[in-house]
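>>> Return a 3D structure for these sequence lines:
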Amino acid sequence: MEQTTREPHEQPAPATEGETSETQHEQVQPLSKNALKKAAKEAEKARKKAETNERIAVEKASAQTEPVDYSKGKYGVIPLIQSTQRTGSTPLQ
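Numbering: from 1, shown residues only. The predicted structure follows:
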């Protein structure tokens, strides 16, 4: 038993004038209101998902750069204030 299989990239033979295939029949029929709403909703979801993915990619790119150090130069080695040090002056009484 030899079976003939179609390759996935092959298209089915076009229907002749007397024949109508299901796909041609569906394409001729206008979409219902619910089908149009559903298609619009799916398109909106796809648009939002694309925007989110773009925003995340931008955030990841900016996160890979080194963060800005805002405290640089504001802190350093400061001498300790110790009460045990003798300054040479006498305290006022």
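
>>> Need the three-state assignment for residue 89.
coil (DSSP: H, G, I helix; E, B strand; the rest coil).

>>> Revised request: answer the last question for residue 77.
coil.

>>> now the helices for the chain?
22-28, 33-64 (DSSP state H).

>>> mean pLDDT for those: which is lowest?
Least confident of the helices of the chain, judged by mean pLDDT, is helix 22-28 with a mean of 58.

>>> ok so, going back, now the helices of the chain as CSV including mean neighbour count and distance to residue 70?
All C-beta atoms are positioned from the backbone trio N, CA, C, and that covers glycine. Shown next, in CSV, are the helices of the chain (neighbours: other CB atoms under 10 Å; distance: least, CB to CB, whole Å):
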stretch, mean neighbour count, distance to residue 70
helix 22-28, 9, 61
helix 33-64, 10, 16
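
>>> between the ones you listed, which one is nearest to residue 82?
Ranking these by proximity to residue 82 (CB to CB) places helix 33-64 first, at 43.5 Å.

>>> Enumerate every residue touching residue 39.
Counting by CB atoms under 8 Å, 6 or more residues apart in numbering, residue 39 makes contact with residue 31.

>>> Save the helices of the chain as a markdown table, and put in distance to residue 76 too.
Output for the helices of the chain, formatted as a markdown table (distance: least, CB to CB, whole Å):
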| stretch | distance to residue 76 |
| --- | --- |
| helix 22-28 | 75 |
| helix 33-64 | 29 |
